[in-house]
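Next one to model:
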Amino acid sequence: MPKIRVLVADDHTIVRDGICSLLSLCGDIEVVCQAINGAEALKMVEQYQPDVVLLDISMPVMDGLEATRRIHKEFPRTKVLVLTQHDDKEFVLPIIEAGASGFISKVAASSELPVGIRSVFRGDSYLSPAVARLLIEGYRHGDGRVSHDPYEQLTNRERDMFKLMVEGYTTQEIADKLVISPKTVEGHKTNLMAKLGMRNRVELVKYALRKGIITV
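A predicted model of the protein is given here:
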């Protein structure tokens, strides 16, 4: 089975070396190249076509935000998994909007790295608990404005589906749990995402955290 091809981008050599050493222990993951800044990462994505880019936010020449935006636009097949400091609250939402598929805090357990890489490679999103807490904290300290809640438009079946989706279940697993066909699951997914005005699972997770549908 082909390995997940990963590009590691971080301007600190010791961090890159540590990440590469850790990932070398994973039989299904291969680090194909390394970059020291966002501009170099962008060139290497074009050259090596990795499946996943593990990207630091704070880098010289081109930072992680701009690199994520460019990779998402120019190489949509390549997924971006961002590394962030625990207190970088101001970066989380902009990076999600730029197209990142997931976040891992630099204070996270080392076991989270391969889990996050595998998740975004499958097309899912990944938020480490520390980063999810940042999102929750941001919502708690929002401006408190109340707007129409599209969640009320969902049917009971769509709400069940929504909860399973943000908990990370696959289409087949949802079909098995709800005793319906995978095709029906996909139809419900399309409907509920349209009703909520969401484009991907990362946005669904953010919404579910705010609603208290899932917790960390």
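
Do a quick rundown of the strands in the protein.
Here the chain has its strands, by DSSP state E, at 4-9, 29-35, 52-56, 79-84, 102-105, 126-127.

Please identify the buried residues of the second one?
What it means is strand 29-35. Of all the residues in strand 29-35, those buried under the rule 16 or more other CB atoms under 10 Å are Ile29, Val31, Val32, Cys33, Gln34, Ala35. The C-beta positions use only the backbone N, C-alpha and C, and glycine is treated the same way.

What residues does the last one make contact with?
This points to Ala35. Counting by CB atoms under 8 Å, 6 or more residues apart in numbering, Ala35 touches Leu7, Val8, Ala9, Ala41, Lys43, Met44.

try it again with 10 Å
7-11, 16, 41-45, 53, 55-56, 59, 62, 67 (CB atoms under 10 Å, 6 or more residues apart in numbering).

What of the fifth one?
With contacts defined as CB under 10 Å, 6+ apart, the neighbours of Gln34 are 6-10, 13, 16-17, 19-20, 40-41, 44, 54.

mind giving me the domain split of the protein?
Here the domain parsing of the chain from automatic domain parsing is 4-140, 150-211.

Show the end-to-end separation of the shortest one, please.
The separation between the terminal residues of domain 150-211, taken as CA to CA, to the nearest Å, is 11 Å.

average pLDDT for it?
For domain 150-211, the mean per-residue pLDDT is 85.
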